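Enquirer: Using only what follows, build the 3D model:
(2 chains)
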Amino acid sequence: MNQVKNFTKGFLKENPVFILLLGMCPTLGTTTSAINGLGMGLATAFVLTMSNIVISMVKNFIPNKVRIPSFIVIIASFVTVVDLSMAAYLPALHEQLGLFIPLIVVNCIVLGRAESFASKNGVFSSLVDGLGMGLGFAFALTILGSVREILGSGKVFGFDMHIFPKGVDGILVFVLAPGAFLALGYLISIVNKINKKSI
Amino acid sequence: MSKPKDTFVNMVLTLLIITAVAAISLGYVYELTKKPIDDAKKQKLEKAIGEVVPKFTSIKEFKVKPKTGEDSLTFYQAINNGKLVGTAIKSYTDNGFGGRIWIIVGFTDDGTVINYQILEHHETPGLGSKTAFWFKDTLNTSRSIINKNPGKVKFIVTKDGGDIDAITASTISSRAFLDAVRRAYDTFINFKSKGGDK
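Expert: Numbers count the residues shown, from 1 in each chain, chains lettered A, B, ... in the order given. The predicted structure is shown next:
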(Lines give C-alpha, C1' and ligand atoms only; values in the text may rest on other atoms or scores of the structure.)
Protein backbone atom coordinates (compact mmCIF):
# COMPACT_ATOMS: atom_id res chain seq x y z
CA MET A 1 0.00 0.00 0.00
CA ASN A 2 1.16 3.50 -0.77
CA GLN A 3 2.18 4.89 2.65
CA VAL A 4 1.92 8.53 1.58
CA LYS A 5 -1.68 8.01 0.54
CA ASN A 6 -2.24 6.00 3.70
CA PHE A 7 -1.03 8.97 5.76
CA THR A 8 -2.78 11.80 3.93
CA LYS A 9 -6.19 10.12 3.67
CA GLY A 10 -6.93 11.13 7.28
CA PHE A 11 -6.80 14.84 6.49
CA LEU A 12 -9.39 15.29 3.77
CA LYS A 13 -10.44 12.16 1.88
CA GLU A 14 -11.28 10.06 4.94
CA ASN A 15 -11.14 12.68 7.67
CA PRO A 16 -12.60 11.05 10.78
CA VAL A 17 -14.63 14.13 11.71
CA PHE A 18 -15.64 15.69 8.40
CA ILE A 19 -16.15 12.53 6.29
CA LEU A 20 -16.47 9.47 8.54
CA LEU A 21 -18.36 11.45 11.21
CA LEU A 22 -16.74 9.40 13.99
CA GLY A 23 -16.00 10.60 17.50
CA MET A 24 -18.67 13.31 17.47
CA CYS A 25 -18.94 13.53 21.25
CA PRO A 26 -15.44 14.95 21.99
CA THR A 27 -15.56 16.84 18.67
CA LEU A 28 -18.60 18.83 19.73
CA GLY A 29 -17.78 18.90 23.43
CA THR A 30 -14.18 20.07 23.60
CA THR A 31 -13.87 22.47 20.68
CA THR A 32 -14.88 25.59 22.61
CA SER A 33 -11.49 27.06 21.75
CA ALA A 34 -8.65 26.32 19.34
CA ILE A 35 -6.22 25.23 22.04
CA ASN A 36 -8.74 22.84 23.60
CA GLY A 37 -9.43 21.30 20.19
CA LEU A 38 -5.73 20.93 19.46
CA GLY A 39 -5.01 19.40 22.89
CA MET A 40 -7.85 16.93 22.62
CA GLY A 41 -6.89 16.09 19.03
CA LEU A 42 -3.24 15.42 19.90
CA ALA A 43 -4.20 13.32 22.93
CA THR A 44 -6.47 11.21 20.72
CA ALA A 45 -3.80 11.01 18.00
CA PHE A 46 -1.30 9.65 20.53
CA VAL A 47 -3.72 7.01 21.80
CA LEU A 48 -4.74 6.08 18.26
CA THR A 49 -1.15 5.69 17.03
CA MET A 50 0.04 3.72 20.06
CA SER A 51 -2.98 1.41 20.17
CA ASN A 52 -2.75 0.84 16.40
CA ILE A 53 0.91 -0.19 16.75
CA VAL A 54 0.32 -2.53 19.69
CA ILE A 55 -2.82 -4.08 18.25
CA SER A 56 -1.18 -4.76 14.90
CA MET A 57 1.68 -6.44 16.80
CA VAL A 58 -0.46 -8.71 18.95
CA LYS A 59 -3.31 -9.35 16.50
CA ASN A 60 -2.03 -12.83 15.62
CA PHE A 61 -2.01 -13.99 19.23
CA ILE A 62 -5.57 -12.99 20.11
CA PRO A 63 -8.44 -15.45 19.60
CA ASN A 64 -11.19 -13.93 17.46
CA LYS A 65 -13.95 -13.96 20.07
CA VAL A 66 -12.05 -11.95 22.68
CA ARG A 67 -10.51 -9.43 20.30
CA ILE A 68 -12.82 -6.53 21.23
CA PRO A 69 -12.21 -6.77 25.02
CA SER A 70 -8.49 -7.15 24.32
CA PHE A 71 -8.45 -4.04 22.12
CA ILE A 72 -10.41 -2.07 24.71
CA VAL A 73 -7.95 -2.97 27.49
CA ILE A 74 -5.02 -1.89 25.30
CA ILE A 75 -6.74 1.37 24.35
CA ALA A 76 -7.82 2.10 27.94
CA SER A 77 -4.23 1.62 29.14
CA PHE A 78 -2.92 4.24 26.72
CA VAL A 79 -5.72 6.62 27.63
CA THR A 80 -4.79 6.30 31.31
CA VAL A 81 -1.16 6.99 30.42
CA VAL A 82 -2.23 10.16 28.59
CA ASP A 83 -4.54 11.16 31.45
CA LEU A 84 -1.84 10.78 34.10
CA SER A 85 0.95 12.43 32.12
CA MET A 86 -1.29 15.33 31.15
CA ALA A 87 -2.26 15.86 34.81
CA ALA A 88 1.43 15.81 35.72
CA TYR A 89 2.93 18.00 33.02
CA LEU A 90 0.06 20.03 31.50
CA PRO A 91 -2.27 20.58 34.49
CA ALA A 92 -3.98 23.63 32.96
CA LEU A 93 -4.99 21.85 29.76
CA HIS A 94 -5.94 18.73 31.71
CA GLU A 95 -8.31 20.81 33.78
CA GLN A 96 -9.93 22.37 30.71
CA LEU A 97 -10.53 19.06 28.96
CA GLY A 98 -11.75 17.48 32.19
CA LEU A 99 -13.64 14.26 31.74
CA PHE A 100 -13.22 14.17 27.97
CA ILE A 101 -9.74 12.65 28.33
CA PRO A 102 -10.91 9.42 30.00
CA LEU A 103 -13.68 9.34 27.40
CA ILE A 104 -11.12 8.79 24.60
CA VAL A 105 -11.46 5.10 25.56
CA VAL A 106 -14.89 4.98 23.99
CA ASN A 107 -14.06 7.24 21.05
CA CYS A 108 -15.26 5.27 18.06
CA ILE A 109 -12.32 6.34 15.86
CA VAL A 110 -9.85 4.54 18.10
CA LEU A 111 -11.71 1.24 18.27
CA GLY A 112 -12.84 1.73 14.66
CA ARG A 113 -9.26 1.94 13.34
CA ALA A 114 -8.19 -0.96 15.57
CA GLU A 115 -10.96 -3.16 14.20
CA SER A 116 -10.95 -2.09 10.55
CA PHE A 117 -7.25 -1.38 9.99
CA ALA A 118 -4.75 -2.43 12.67
CA SER A 119 -6.20 -5.92 13.07
CA LYS A 120 -5.72 -6.59 9.36
CA ASN A 121 -2.50 -4.74 8.50
CA GLY A 122 1.18 -4.76 9.44
CA VAL A 123 2.84 -2.69 12.15
CA PHE A 124 4.25 0.04 9.91
CA SER A 125 1.03 0.54 7.93
CA SER A 126 -0.91 0.71 11.19
CA LEU A 127 1.50 3.27 12.61
CA VAL A 128 1.09 5.44 9.51
CA ASP A 129 -2.68 4.97 9.56
CA GLY A 130 -2.85 5.89 13.25
CA LEU A 131 -0.71 8.99 12.75
CA GLY A 132 -2.65 10.11 9.67
CA MET A 133 -6.07 9.53 11.19
CA GLY A 134 -5.02 10.97 14.56
CA LEU A 135 -3.50 14.12 13.07
CA GLY A 136 -6.49 14.41 10.77
CA PHE A 137 -8.70 14.34 13.85
CA ALA A 138 -6.50 16.92 15.59
CA PHE A 139 -6.57 19.05 12.43
CA ALA A 140 -10.37 18.92 12.26
CA LEU A 141 -10.76 19.72 15.97
CA THR A 142 -8.33 22.64 15.75
CA ILE A 143 -10.19 24.11 12.74
CA LEU A 144 -13.55 23.68 14.44
CA GLY A 145 -12.17 25.08 17.71
CA SER A 146 -10.68 28.10 15.89
CA VAL A 147 -13.92 28.85 14.05
CA ARG A 148 -15.92 28.64 17.28
CA GLU A 149 -13.40 30.71 19.23
CA ILE A 150 -13.26 33.44 16.56
CA LEU A 151 -17.04 33.70 16.25
CA GLY A 152 -17.71 33.13 19.93
CA SER A 153 -15.15 35.42 21.51
CA GLY A 154 -13.26 37.16 18.68
CA LYS A 155 -10.02 35.39 19.56
CA VAL A 156 -7.98 32.51 18.23
CA PHE A 157 -5.46 30.66 20.46
CA GLY A 158 -6.13 33.47 22.96
CA PHE A 159 -5.02 36.26 20.59
CA ASP A 160 -7.57 38.99 20.07
CA MET A 161 -8.50 39.31 16.39
CA HIS A 162 -10.42 42.58 16.87
CA ILE A 163 -13.27 41.52 14.62
CA PHE A 164 -15.99 42.62 17.03
CA PRO A 165 -16.69 46.25 18.02
CA LYS A 166 -15.64 47.26 21.51
CA GLY A 167 -17.93 46.06 24.27
CA VAL A 168 -19.19 43.07 22.29
CA ASP A 169 -17.94 39.75 23.61
CA GLY A 170 -18.79 37.71 20.54
CA ILE A 171 -21.61 35.43 19.50
CA LEU A 172 -22.15 33.35 22.61
CA VAL A 173 -24.07 30.63 20.78
CA PHE A 174 -20.88 29.47 19.04
CA VAL A 175 -19.25 28.66 22.37
CA LEU A 176 -22.35 26.74 23.43
CA ALA A 177 -23.46 23.35 22.11
CA PRO A 178 -25.79 24.53 19.30
CA GLY A 179 -22.95 26.57 17.80
CA ALA A 180 -20.82 23.43 17.68
CA PHE A 181 -23.41 21.71 15.48
CA LEU A 182 -23.80 24.78 13.25
CA ALA A 183 -20.06 25.29 12.77
CA LEU A 184 -19.47 21.58 12.19
CA GLY A 185 -22.28 21.44 9.62
CA TYR A 186 -20.81 24.28 7.57
CA LEU A 187 -17.29 22.86 7.81
CA ILE A 188 -18.51 19.44 6.61
CA SER A 189 -20.16 21.03 3.58
CA ILE A 190 -16.99 22.97 2.76
CA VAL A 191 -14.79 19.86 3.04
CA ASN A 192 -17.20 17.89 0.87
CA LYS A 193 -17.04 20.60 -1.76
CA ILE A 194 -13.21 20.51 -1.74
CA ASN A 195 -13.21 16.72 -1.95
CA LYS A 196 -15.61 16.66 -4.90
CA LYS A 197 -13.42 19.08 -6.81
CA SER A 198 -10.19 17.16 -6.20
CA ILE A 199 -11.76 13.90 -7.44
CA MET B 1 1.67 -18.26 12.65
CA SER B 2 -2.04 -18.89 12.59
CA LYS B 3 -4.48 -17.34 15.03
CA PRO B 4 -5.15 -19.32 18.22
CA LYS B 5 -8.51 -21.10 18.22
CA ASP B 6 -11.47 -19.82 20.24
CA THR B 7 -11.10 -22.33 23.04
CA PHE B 8 -11.93 -21.47 26.63
CA VAL B 9 -8.32 -21.80 27.78
CA ASN B 10 -6.97 -19.67 24.93
CA MET B 11 -9.44 -16.87 25.59
CA VAL B 12 -8.86 -16.83 29.35
CA LEU B 13 -5.10 -16.91 28.91
CA THR B 14 -5.09 -14.12 26.32
CA LEU B 15 -7.22 -11.80 28.44
CA LEU B 16 -5.20 -12.65 31.55
CA ILE B 17 -1.89 -11.80 29.88
CA ILE B 18 -3.20 -8.58 28.34
CA THR B 19 -4.74 -7.29 31.58
CA ALA B 20 -1.65 -8.27 33.58
CA VAL B 21 0.67 -6.39 31.22
CA ALA B 22 -1.69 -3.40 31.25
CA ALA B 23 -1.87 -3.41 35.05
CA ILE B 24 1.90 -3.57 35.49
CA SER B 25 2.64 -0.82 32.98
CA LEU B 26 -0.08 1.43 34.41
CA GLY B 27 1.24 0.91 37.92
CA TYR B 28 4.64 1.99 36.66
CA VAL B 29 3.28 5.11 34.95
CA TYR B 30 1.29 5.96 38.08
CA GLU B 31 4.43 5.79 40.23
CA LEU B 32 6.26 7.90 37.67
CA THR B 33 3.66 10.66 37.50
CA LYS B 34 2.58 10.63 41.16
CA LYS B 35 5.13 13.20 42.31
CA PRO B 36 4.68 15.68 39.43
CA ILE B 37 0.88 15.48 39.87
CA ASP B 38 1.14 16.15 43.62
CA ASP B 39 3.62 18.95 42.99
CA ALA B 40 1.35 20.54 40.41
CA LYS B 41 -1.60 20.35 42.83
CA LYS B 42 0.42 21.80 45.70
CA GLN B 43 1.81 24.59 43.56
CA LYS B 44 -1.68 25.42 42.39
CA LEU B 45 -2.97 25.52 45.96
CA GLU B 46 -0.20 27.83 47.12
CA LYS B 47 -0.76 30.11 44.17
CA ALA B 48 -4.50 30.06 44.83
CA ILE B 49 -4.05 31.02 48.50
CA GLY B 50 -1.85 33.91 47.41
CA GLU B 51 -4.58 35.14 45.10
CA VAL B 52 -7.49 35.04 47.52
CA VAL B 53 -5.91 36.74 50.56
CA PRO B 54 -3.73 39.86 50.92
CA LYS B 55 0.05 39.64 51.11
CA PHE B 56 1.17 37.44 54.00
CA THR B 57 4.40 36.34 55.64
CA SER B 58 3.23 33.05 57.08
CA ILE B 59 0.31 30.62 56.83
CA LYS B 60 -1.41 28.75 59.63
CA GLU B 61 -3.22 25.67 58.38
CA PHE B 62 -5.88 23.61 60.18
CA LYS B 63 -9.03 21.64 59.45
CA VAL B 64 -12.56 22.51 60.61
CA LYS B 65 -15.59 20.28 60.29
CA PRO B 66 -18.60 22.01 58.65
CA LYS B 67 -22.13 21.62 60.01
CA THR B 68 -23.32 20.09 56.76
CA GLY B 69 -21.26 17.76 54.64
CA GLU B 70 -18.97 14.90 55.57
CA ASP B 71 -15.49 16.18 54.85
CA SER B 72 -13.56 18.85 56.71
CA LEU B 73 -12.75 22.24 55.27
CA THR B 74 -9.18 23.45 55.41
CA PHE B 75 -8.53 26.93 56.83
CA TYR B 76 -5.39 28.84 55.84
CA GLN B 77 -4.94 31.88 58.06
CA ALA B 78 -2.77 34.41 56.30
CA ILE B 79 -0.62 36.21 58.86
CA ASN B 80 1.39 39.29 57.96
CA ASN B 81 3.95 40.20 60.64
CA GLY B 82 1.88 38.69 63.45
CA LYS B 83 -1.41 40.21 62.29
CA LEU B 84 -4.23 38.16 60.75
CA VAL B 85 -4.97 39.70 57.34
CA GLY B 86 -7.41 37.16 55.93
CA THR B 87 -8.52 33.56 55.94
CA ALA B 88 -8.48 31.36 52.86
CA ILE B 89 -10.88 28.43 53.14
CA LYS B 90 -10.75 25.36 50.96
CA SER B 91 -14.37 24.37 50.55
CA TYR B 92 -16.38 22.02 48.35
CA THR B 93 -19.82 21.16 47.09
CA ASP B 94 -21.27 17.89 45.90
CA ASN B 95 -23.99 19.56 43.83
CA GLY B 96 -21.84 20.15 40.76
CA PHE B 97 -23.02 19.00 37.34
CA GLY B 98 -20.02 16.68 37.18
CA GLY B 99 -19.74 15.81 40.87
CA ARG B 100 -17.65 17.45 43.55
CA ILE B 101 -16.17 20.93 43.04
CA TRP B 102 -13.30 22.19 45.22
CA ILE B 103 -12.88 25.92 45.62
CA ILE B 104 -10.77 28.21 47.76
CA VAL B 105 -12.27 31.44 48.94
CA GLY B 106 -10.66 34.24 50.97
CA PHE B 107 -12.55 36.14 53.69
CA THR B 108 -11.73 39.27 55.66
CA ASP B 109 -12.27 39.16 59.40
CA ASP B 110 -15.98 40.04 59.14
CA GLY B 111 -16.62 37.46 56.40
CA THR B 112 -16.49 39.67 53.31
CA VAL B 113 -15.28 37.76 50.25
CA ILE B 114 -11.85 38.92 49.09
CA ASN B 115 -11.46 36.61 46.09
CA TYR B 116 -11.91 32.98 45.09
CA GLN B 117 -10.36 30.29 42.90
CA ILE B 118 -11.67 27.00 41.55
CA LEU B 119 -9.26 24.23 42.50
CA GLU B 120 -10.86 21.18 40.98
CA HIS B 121 -14.04 20.62 39.00
CA HIS B 122 -15.59 18.31 36.44
CA GLU B 123 -18.07 20.74 34.92
CA THR B 124 -18.78 20.99 31.20
CA PRO B 125 -15.90 22.76 29.41
CA GLY B 126 -17.06 26.14 28.09
CA LEU B 127 -20.20 26.19 30.25
CA GLY B 128 -19.89 25.19 33.90
CA SER B 129 -16.14 25.70 33.77
CA LYS B 130 -16.87 29.43 33.48
CA THR B 131 -17.30 29.52 37.27
CA ALA B 132 -13.52 30.13 37.30
CA PHE B 133 -14.00 33.78 36.34
CA TRP B 134 -17.73 34.57 36.11
CA PHE B 135 -18.24 35.41 39.79
CA LYS B 136 -15.24 37.73 39.97
CA ASP B 137 -16.30 40.06 37.18
CA THR B 138 -16.28 43.23 39.27
CA LEU B 139 -17.52 45.33 36.31
CA ASN B 140 -20.73 43.35 36.48
CA THR B 141 -21.89 43.87 40.04
CA SER B 142 -24.91 41.58 39.89
CA ARG B 143 -22.79 38.50 39.16
CA SER B 144 -19.65 39.30 41.14
CA ILE B 145 -19.22 37.99 44.70
CA ILE B 146 -16.03 40.00 45.33
CA ASN B 147 -16.27 42.44 48.28
CA LYS B 148 -19.69 41.13 49.19
CA ASN B 149 -20.57 39.67 52.55
CA PRO B 150 -22.71 36.51 52.51
CA GLY B 151 -24.18 37.70 55.81
CA LYS B 152 -25.69 40.78 54.10
CA VAL B 153 -26.11 39.70 50.47
CA LYS B 154 -28.02 36.51 49.62
CA PHE B 155 -25.48 34.17 47.99
CA ILE B 156 -28.17 32.37 46.00
CA VAL B 157 -28.80 32.62 42.24
CA THR B 158 -31.40 35.23 41.25
CA LYS B 159 -33.58 32.48 39.76
CA ASP B 160 -33.99 31.04 43.29
CA GLY B 161 -34.64 34.42 44.90
CA GLY B 162 -31.04 35.37 45.69
CA ASP B 163 -28.81 38.28 44.70
CA ILE B 164 -26.19 36.68 42.43
CA ASP B 165 -26.65 36.22 38.68
CA ALA B 166 -26.08 32.64 37.55
CA ILE B 167 -23.87 31.74 34.58
CA THR B 168 -25.89 31.74 31.35
CA ALA B 169 -26.88 28.15 30.60
CA SER B 170 -25.11 26.81 33.71
CA THR B 171 -27.53 27.32 36.59
CA ILE B 172 -26.60 23.98 38.18
CA SER B 173 -22.89 24.81 38.29
CA SER B 174 -23.69 28.29 39.61
CA ARG B 175 -25.90 26.92 42.40
CA ALA B 176 -23.19 24.42 43.30
CA PHE B 177 -20.48 27.09 43.37
CA LEU B 178 -22.51 29.37 45.64
CA ASP B 179 -23.25 26.38 47.88
CA ALA B 180 -19.52 25.84 48.33
CA VAL B 181 -19.00 29.55 49.17
CA ARG B 182 -21.87 29.47 51.67
CA ARG B 183 -20.43 26.34 53.29
CA ALA B 184 -17.10 28.13 53.71
CA TYR B 185 -18.78 31.26 55.12
CA ASP B 186 -21.06 29.40 57.55
CA THR B 187 -18.15 27.35 58.85
CA PHE B 188 -16.02 30.50 59.16
CA ILE B 189 -18.66 32.39 61.16
CA ASN B 190 -19.39 29.34 63.31
CA PHE B 191 -15.68 28.89 63.93
CA LYS B 192 -15.29 32.55 64.96
CA SER B 193 -18.34 32.51 67.26
CA LYS B 194 -16.82 29.58 69.11
CA GLY B 195 -13.76 31.61 69.98
CA GLY B 196 -11.69 31.51 66.80
CA ASP B 197 -8.18 30.30 67.28
CA LYS B 198 -8.63 28.30 70.43
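
Enquirer: all helices of chain B, in order?
Expert: Secondary structure of chain B (DSSP state H): helices at B:8-52, B:131-134, B:171-193.

Enquirer: Which among those helices is found nearest to A:Val47?
Expert: Of all the helices of chain B, it is helix B:8-52 that lies closest to A:Val47, at 13.6 Å by C-beta to C-beta. (C-beta placed from N, C-alpha, C; glycine too.)

Enquirer: starting at the chain centroid, how far to the closest one?
Expert: 22 Å (C-alpha atoms, centre = their mean, to the nearest Å).

Enquirer: now do stretch A:181-193
Expert: Averaging C-alpha positions (C-alpha atoms, centre = their mean) puts stretch A:181-193 16 Å from its chain's average.

Enquirer: In a markdown table: the helices of chain B, plus mean pLDDT.
Expert: Listed next are the helices of chain B as a markdown table, based on pLDDT from 0 to 100:
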| stretch | mean pLDDT |
| --- | --- |
| helix B:8-52 | 90 |
| helix B:131-134 | 87 |
| helix B:171-193 | 91 |
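
Enquirer: Need the winner for burial among those helices.
Expert: By mean neighbour count, with neighbours taken as mean count of other C-beta atoms under 10 Å in any protein chain shown, helix B:171-193 ranks first of the helices of chain B at a mean of 21.

Enquirer: re earlier: go through the helices of chain B and name the closest to B:Ser72.
Expert: helix B:171-193 (9.2 Å).

Enquirer: re the thing from before, tabulate the helices of chain B in CSV, adding columns for distance to A:Ala92.
Expert: Shown next, in CSV, are the helices of chain B (distance: least, C-beta to C-beta, whole Å):
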stretch, distance to A:Ala92
helix B:8-52, 9
helix B:131-134, 11
helix B:171-193, 19
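
Enquirer: ok, which residues in chain B are in contact with chain A?
Expert: B:1-7, B:10-11, B:14-15, B:18-19, B:22, B:25-26, B:29-30, B:33, B:36-37, B:40-41, B:44, B:98, B:120-127, B:129, B:168-169 (C-beta under 8 Å from any C-beta of the partner chain).

Enquirer: Please name the bridge partners of the residue positioned nearest the centre of chain B.
Expert: With distances taken as C-alpha atoms, centre = their mean, the residue of chain B nearest its centroid is B:Trp102 (1.4 Å). B:Trp102 has these beta-bridge partners by DSSP bridges: B:Tyr92, B:Glu120.

Enquirer: show me the contacts for it.
Expert: The contact partners of B:Trp102, taken as C-beta atoms under 8 Å, 6 or more residues apart in numbering or on different chains, are B:Lys90, B:Ser91, B:Tyr92, B:Ile118, B:Leu119, B:Glu120, B:His121, B:Ala180.

Enquirer: Please repeat the previous calculation with a cut-off of 6 Å.
Expert: If a contact means C-beta atoms under 6 Å, 6 or more residues apart in numbering or on different chains, then B:Trp102 has B:Tyr92, B:Leu119, B:Glu120 as its contacts.

Enquirer: Up against chain B, what does chain A have?
Expert: A:32, A:60, A:62-66, A:70, A:73, A:77, A:80-81, A:84-85, A:87-88, A:91, A:96, A:98-99, A:175 (C-beta under 6 Å from any C-beta of the partner chain).

Enquirer: Okay, now the unreliable bits of chain A?
Expert: A:1, A:167-169, A:198-199 (pLDDT under 70).
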